[in-house]
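Colleague: Turn this into a model:
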Amino acid sequence: MATPLLSLDTQHQDMVHDAKLDYYAKRLATCSSDRLIKVYDILEDQHYQLAADIQSHDGPVWQIDWAHPKFGTILASCSYDGKVII
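Modeller: Numbers count the residues shown, from 1 in each chain. Now for the predicted structure:
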């Protein structure tokens, strides 16, 4: 069994549906039924810091994904509310 490199308290108030690292593994985005997207900066020595708390959906956020870095720092999300937000 693999040993986790980092344990993270997401501080979401409901179930986390998705978590994605960016291309360089420097940022982690999580999404949850609490309608929030949280973005964390992954720092040295297994530390992290909340960089953004995004609330733009009216329903649970099911999935998120980062764009390839050649397109910039772009995060897309989709939700039960039927919206896709980029």
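Colleague: what sits against the residue most central in space within the chain?
Modeller: For the chain, the residue nearest the mean C-alpha position is Ala29 (1.6 Å; CA atoms, centre = their mean). Applying CB atoms under 8 Å, 6 or more residues apart in numbering to Ala29 gives the contacts Ala19, Lys20, Asp22, Ile37, Lys38, Val39, Tyr40, Ile64, Trp66, Leu75. Just so you know, the C-beta spots here come from the backbone N, C-alpha and C atoms, and that holds for glycine as well.
Colleague: quick one, phi/psi of the closest residue to the first one other than its chain neighbours?
Modeller: Pointing back at Ala19 there. Of all residues beyond its chain neighbours, the one nearest Ala19 is Thr30 (4.6 Å), with distances taken as CB to CB, 6 or more residues apart in numbering. Main-chain dihedrals, Thr30, degrees, to the nearest 10: phi -130, psi 150.
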